[in-house]
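Novice: Coordinates for the following, if possible.
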Amino acid sequence: MSTITKPNREYLYDNIRGILILLVVLGHALEYFRLDNIVGEFFYVFIYLFHMPVFIFISGYFSKNLAKGRSTAVETFLVPYLLLNMILSLIMLAIGKIDVFTILSPGWTLWYLYCMFIWRLLLPDLVKVRRILLLSFVIGIFSGFLTEFGTYMALARTLGFLPYFLAGYFMDRSLLEKIHRLRWRKVISIGIILIGLGVAYFWVQTDLPPEILWRDRSFLLFKLPIYQNILNSVLLYLVGFAFVFVFLSLAAPKPHFFTSWGQKTLAIYLLHVYLVAPLVQFTQYVKNPLLHLLLLVAGTFLVLYLLSRPKVATTLQKTIARILYFIMPND
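Specialist: Next comes the predicted model:
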C-alpha cells in the first residue's frame with residue numbers, strides 16, 4: 001500500500017510549487033545581473049532550463065476538471081492578466097522603459113497568465129484531438145519558424161510550452177506512485193541535475209543566447225543554423241521533462257518551510273514583479289558582484305515571505321472578486 005495519502009499528496013505538490021515559485025522569483029531577480037556576470041548567467045540559464053516547464057506541467061495536472069477550468073478561465077487568469085498588465089504598462093511608461101501602452105502583449109512575467117487562460121479555454125477541445133500530445137511536440141518545435149507571433153498575445157509561448165501543459169493533464173495519479181517505487185530514483189535525479197548543470201555550463205561557454213529559453217521569438221532572430229535551433233528545441237523538451245521526473249521523484253509529502261509558498265503560488269506570481277523590479281533597480285548600484293548577488297537572493301526570500309502571508313492572498317482574492325463583480329454583476 002502506498003504511503004502517499006491524499007493529504008500528503010497535496011503537501012507534495014505544494015512543496016514542488018514552493019520550490020518552483022522560488023526559482024521564478026529568483027530568475028526574475030537575476031534578469032539584469034546576469035547580463036554582466038557570467039556566474040549570474042550560469043544560474044539564470046540553469047533555472048530557465050526547467051522551472052517554467054515543470055511549473056506548467058503541474059498547472060496542467062491540476063486542470064483535469066475541464067468544465068470548471070473553462071468556466072473559471074476568465075476570472076482566474078484573463079481578468080487578473082488584463083488588470084496587472086495595464087498597471088505594469090503604466091508603470092513602465094512612467095519610468096521610460098517602454099514607449100507604447102500595450103494590452104495584448106504581456107509585460108515581463110504576465111505571459112503565464114494569458115497562456116493559462118488560452119490553455120484552460122481550449123483544453124476541452126484539445127483533448128479530443130487524436131494524438132494531441134505528440135502533435136503538440138511537433139507544433140512546439142516548428143512554431144519557431146513562425147515570425148508573426150512573438151510576444152503578441154503570448155502566442156509563441158502558448159505553442160512552445162503546450163506539451164508540458166498537456167503532459168501534466170494526461171499524467172495519471174498512479175504515475176507518481178510508480179516513480180516513488182523506483183529503487184534508483186534519487187540517483188537518477190541527481191544524475192539529471194548534474195546533466196542540467198552541464199548543459200547550463202555548455203550554454204554559457206558557447207555563448208548561446210539565454211533568450212532561446214524564453215520560447216517567445218522566431219528562430220530567425222537568432223544567428224544560428226536552422227538545424228541547431230531545432231536541436232535546441234528538442235534538447236529543451238528533453239531537459240524539461242527530465243526535471244519533471246526530478247521534482248516528482250524528490251518532492252517530499254510532508255510540510256516544509258517553503259510549503260506555504262506553494263500554497264500561495266498564484267498570489268506570489270501575480271504580485272512579485274512589483275517588488276522584484278525595485279529590488280533589481282536599487283541593487284544595480286552595488287559594485288561588488290558577490291554582494292550584489294547575495295542581496296538579490298536575500299531580496300528574493302523577503303519577497304516570498306511577504307507575499308506568502310495569508311493577508312496578502314486574502315486581500316488579492318477579495319480585490320479581484322470586487323472587480324469581477326463590477327464587470328460581471330450577474331455572474
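
Novice: In contact with Tyr81, which residues are there?
Specialist: By CB atoms under 8 Å, 6 or more residues apart in numbering, the contact set of Tyr81 is Pro106, Leu110, Leu113, Tyr114, Phe117. C-beta here means a position set from N, CA and C on the backbone, and glycine is covered the same way.

Novice: quick one, what contacts the closest residue to it other than its chain neighbours?
Specialist: With sequence-adjacent residues excluded and distances taken as CB to CB, 6 or more residues apart in numbering, Tyr81 is closest to Leu113, at 3.9 Å. By CB under 8 Å, 6+ apart, the contact set of Leu113 is Phe77, Leu78, Pro80, Tyr81, Leu84, Pro106, Tyr269, Leu270.

Novice: Let me know the secondary structure of Leu113.
Specialist: Using DSSP: H, G, I helix; E, B strand; the rest coil, the three-state assignment for Leu113 comes out as helix.

Novice: measure it to Ala67 for me?
Specialist: 21 Å (CB to CB, to the nearest Å).

Novice: Give me the neighbour count for Ile193.
Specialist: If you count neighbours by other CB atoms under 10 Å, Ile193 ends up with 16.

Novice: Oops, could you answer that again for Ile56 instead?
Specialist: Ile56: 26 neighbours (other CB under 10 Å).

Novice: For Leu121, give me its contacts.
Specialist: By CB under 8 Å, 6+ apart, the residues touching Leu121 are Arg70, Ala73.

Novice: do Tyr61 as well
Specialist: By CB under 8 Å, 6+ apart, the neighbours of Tyr61 are Tyr13, Gly168, Tyr169, Met171.

Novice: Tell me where the stretch 201-331 of the chain has helices.
Specialist: All helices of the stretch 201-331 of the chain, identified by DSSP state H, counting those that start in this stretch, fall at 226-250, 259-263, 265-271, 273-283, 289-307, 310-327.

Novice: JSON lines for the ones you listed, including distance to Phe142?
Specialist: Output for the helices of the stretch 201-331 of the chain, formatted as JSON lines (distance: least, CB to CB, whole Å):
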{"stretch": "helix 226-250", "distance to Phe142": "8"}
{"stretch": "helix 259-263", "distance to Phe142": "34"}
{"stretch": "helix 265-271", "distance to Phe142": "29"}
{"stretch": "helix 273-283", "distance to Phe142": "31"}
{"stretch": "helix 289-307", "distance to Phe142": "36"}
{"stretch": "helix 310-327", "distance to Phe142": "37"}
